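For reference, the sequence and a predicted model appear below.
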Amino acid sequence: MTQSRQRGLTLIELMTAMAIFAMLGGFLFTLMRDSLGIYRKSRSSGEIYDKYDQVSQALQDDLTCVAIGDPEGPGIKLEFLQSRDRQYVPSKDVTLSKEALATAERASGDPRSFLLRFVRSFPGGEMNDTVGRFAGTYPGASQSIDGDADLAESRHGAIIKAQLKEGKPSKSDNDQKTPGLKPPGNLMEVMYFCENGPYDEPGTFTLYRAFRSPVGGSGSFCDDATIKAMTPEWIERYAKPVVSGLVYFGAVLWGQDTKQWDIERVLNGDGIGGRVSTGLSELWWDSRRARYPNFSMHIGDKSALFYEDDVFPRRIQFLMTFVQGGKVSPDARLLGSLRGTSRNLTLDNGKIFDNSGGGAVPTHLLIDNEWMEVSSGSGSRLTVVRGSRRTAPAKHETGSAVHVGRSFKLTVDIPAYRFSFDSQGGGR
């Protein structure tokens with residue numbers, strides 16, 4: 001009778017098996033790492049496209065409903081304003097009166113200098129709106145529809161009206177403070193501006209939208225006194241965020257003599273100044289033609305009260321740049337310091353400006369607070385134009401964060417536009 005013999009693994013066989021398992025493990029690790037990277041990149045790209053959709057929907061909804069009014073008809077005259085000189089209150093601790101607020105102007109290249117103001121029709125019609133249909137039901141109404149406790153104020157006015165009808169007027173202090181909403185007149189003022197919000201990373205901005213109805217009167221967005229009163233508390237109370245994660249936001253407008261957008265040139269300041277036609281789009285706009293000398297159709301104070309030559313743009317184009325995660329995750333870092341006059345730089349990540357893979361290559365980069373336009377080069381070595389988008393050239397140290405982000409252009413046609421004067425831009 002024979003007994004079976006059990007044979008173990010030799011050292012060579014054990015080492016061979018371990019090597020095979022190590023190779024498989026490395027392959028699986030690489031596969032999982034690359035898959036996770038693709039997933040994160042796709043998710044990041046999807047989030048940025050979602051942000052763009054939010055901005056696009058808000059702007060198109062408002063601008064396609066711009067109201068210009070009848071210049072020869074009765075009633076309030078409507079305005080359309082865009083500027084790059086928004087004033088702000090530097091601190092939350094300002095104790096000055098509204099008439100004496102300490103304000104300053106943003107630098108023209110700062111996204112926070114952007115300010116767009118216009119009048120649009122009431123969304124959906126005031127009678128189809130929960131708040132709008134109650135507005136104006138009380139003769140002594142004094143509150144505006146502005147996004148701050150509107151529903152409570154509208155119902156309050158309706159209650160007072162019912163009490164008056166029954167011969168029981170309320171005399172409480174609260175009734176005297178909020179006697180309902182004023183009638184909207186089926187019009188609404190809208191304002192867009194950028195600000196570094198309470199949850200924004202340093203160097204990133206939130207696009208805000210504010211609205212009020214009726215048009216004109218005390219607190220009108222077309223009144224510069226209102227702009228001076230835009231304290232952080234005012235923004236928190238009346239303005240609503242549209243989208244965050246912006247590092248740049250600007251817009252240009254199609255005027256009477258515009259033949260091409262050239263949005264980057266105009267945002268850089270080219271073709272701006274006086275009434276000499278350049279064929280470029282407009283960076284400033286004033287429907288009254290009396291406020292901004294940089295507006296090509298500016299006439300002066302004599303046009304402020306003359307409404308027959310009021311002008312409204314045909315279309316508007318926006319340029320916006322988003323970054324994912326704010327400034328926490330730069331796209332690259334600077335290798336070697338960059339002086340204020342130097343035009344050549346080297347990055348530690350050349351993939352973002354490598355055109356060998358096909359597809360769109362970014363044209364601008366942001367280092368600290370300075371935008372630069374890439375004029376030549378690829379990969380990690382680039383030649384740039386300093387101080388793009390009206391920012392100031394500055395010195396940048398080795399290791400400075402470089403942001404490229406994702407840029408979008410959005411063009412919105414404005415159905416209600418008007419140029420009611422001759423081709424030379426004449427007017428009274």
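Noted; the coordinates are in hand. Remember, predicted model here, so these are calculated numbers, not experimental data.

What mean pLDDT does the helix or strand hosting Asp50 get?
Here Asp50, judged by DSSP states H and E, is contained in helix 11-63. Averaged over helix 11-63, pLDDT sits at 77.

Beta-bridge partners for the residue positioned nearest the centre of the chain, please?
Nearest to the geometric centre of the chain sits Leu207, at 3.9 Å (C-alpha atoms, centre = their mean). Applying DSSP bridges to Leu207 gives these bridge partners: Cys194, Val243.

Pretty sure it sits against Gly245.
No: counting by C-beta atoms under 8 Å, Leu207 stays clear of Gly245, with 9.6 Å between them. Quick note: C-beta positions are derived from backbone N, CA and C, even for glycine.

Now for the two: what residues contact both?
Residues touching both Leu207 and Gly245 by C-beta atoms under 8 Å, 6 or more residues apart in numbering: none at all.

Surely Arg86 and Phe114 touch.
Yes: using C-beta under 8 Å, Arg86 is in contact with Phe114, at 6.8 Å.

Could you tell me which residues touch both of these two?
Residues touching both Arg86 and Phe114 (C-beta under 8 Å, 6+ apart) are Phe193.

pLDDT at the residue nearest to the centre of the chain, what is it?
So, for Leu207, pLDDT stands at 96.

Tell me how far it lies from Ala251.
Using C-beta to C-beta, to the nearest Å, one obtains 11 Å as the distance from Leu207 to Ala251.

same thing with Asp146?
For Asp146, the distance to Ala251 - C-beta to C-beta - is 24 Å.

With Gly269 instead?
In terms of C-beta to C-beta, Gly269 sits 15 Å off from Ala251.

And for Arg265?
14 Å.

try Thr16
67 Å.

Look at those two and report which has more neighbours.
Legend: neighbour count by other C-beta atoms under 10 Å for Thr16 and Ala251, higher for Ala251 (24 against 12).

Show the residue spans covered by the helices in the protein.
Taking DSSP state H as the test, the helices found in the chain are 11-63, 150-165, 173-177, 224-228, 232-238, 263-268.

helices or strands up against the last one?
So the one you mean is helix 263-268. strand 240-254, strand 315-322 (3 or more C-beta pairs under 8 Å, 6 or more residues apart in numbering; DSSP states H and E).

cool, and the longest one?
Contacts of helix 11-63 with other secondary structure elements, assessed using 3+ C-beta pairs under 8 Å, 6+ apart, are made with strand 115-121, strand 205-212, strand 240-254, strand 315-322, strand 406-413.

With distance to Ala135 added, can I get these in TSV?
TSV is the format used below for these (distance: least, C-beta to C-beta, whole Å):
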stretch	distance to Ala135
strand 115-121	15
strand 205-212	12
strand 240-254	19
strand 315-322	29
strand 406-413	28
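
Nearest to Pro232 among those strands would be which one?
strand 205-212 (11.4 Å; C-beta to C-beta).

got the angle for the closest one vs strand 315-322?
Calculated by axes from the mean of the first three to the mean of the last three C-alpha atoms, to 10 degrees, strand 205-212 forms an angle of 140 degrees with strand 315-322.

My read is that Met191 contacts Ser220, right?
No: counting by C-beta under 8 Å, Met191 stays clear of Ser220, with 10.2 Å between them.

the more surrounded of these two?
A side-by-side neighbour count of Met191 and Ser220, using other C-beta under 10 Å, places Met191 first with 22 against 19.

give the contact list for the more buried one.
Leu115, Leu116, Arg117, Arg209, Ala210, Phe211, Phe221, Ala239.

quick one: the third one and Cys222 touch, right?
Read that as Arg117. Yes: here Arg117 lies in contact with Cys222, judged by C-beta under 8 Å, at a distance of 5.9 Å.

Now the common contact residues for the two.
Glu79, Leu81, Glu189.

With Leu305 as the reference, measure out to Pro293.
From Pro293 to Leu305 the distance is 18 Å (C-beta to C-beta).

So which of these two has more stuff around it?
Each of Pro293 and Leu305 has its neighbours counted (other C-beta under 10 Å); Pro293 has more, 12 against 9.

Now the more buried one. Its backbone dihedrals?
Here is the backbone geometry of Pro293 (degrees, to the nearest 10): phi -60, psi -20.

Can you give me the distance of it to Asn268?
Counting by C-beta to C-beta - Pro293 and Asn268 are separated by 19 Å.

Next: Leu31.
46 Å.

just Thr206 next, same as before
24 Å.

now Ile352
On the measure of C-beta to C-beta, Ile352 and Asn268 end up 22 Å apart.

Tell me where the stretch 301-428 of the chain is predicted with low confidence.
325-327, 355-359, 420-428 (pLDDT under 70).

OK, contacts around Gly109?
Applying C-beta under 8 Å, 6+ apart, the residues near Gly109 are Trp371, Arg389, Arg390, Thr391, Ala392.

Just to check, the third one is in contact with Ser108?
Right, the one you point to is Arg390. Yes: using C-beta under 8 Å, Arg390 is in contact with Ser108, at 4.9 Å.

Overlap of the contact sets of the two?
Arg84, Gly269.

For Glu236, which non-adjacent residue is closest in space?
In this structure, Glu236 finds its nearest non-sequential neighbour in Pro198, 7.9 Å apart by C-beta to C-beta, 6 or more residues apart in numbering.

more crowded one of Ile352 and Asn268?
The neighbour count for Ile352 versus Asn268, taken as other C-beta under 10 Å, is higher for Asn268 (20 against 16).

so how far is Gly340 from the more buried one?
Taken as C-beta to C-beta, the span from Asn268 to Gly340 is 17 Å.
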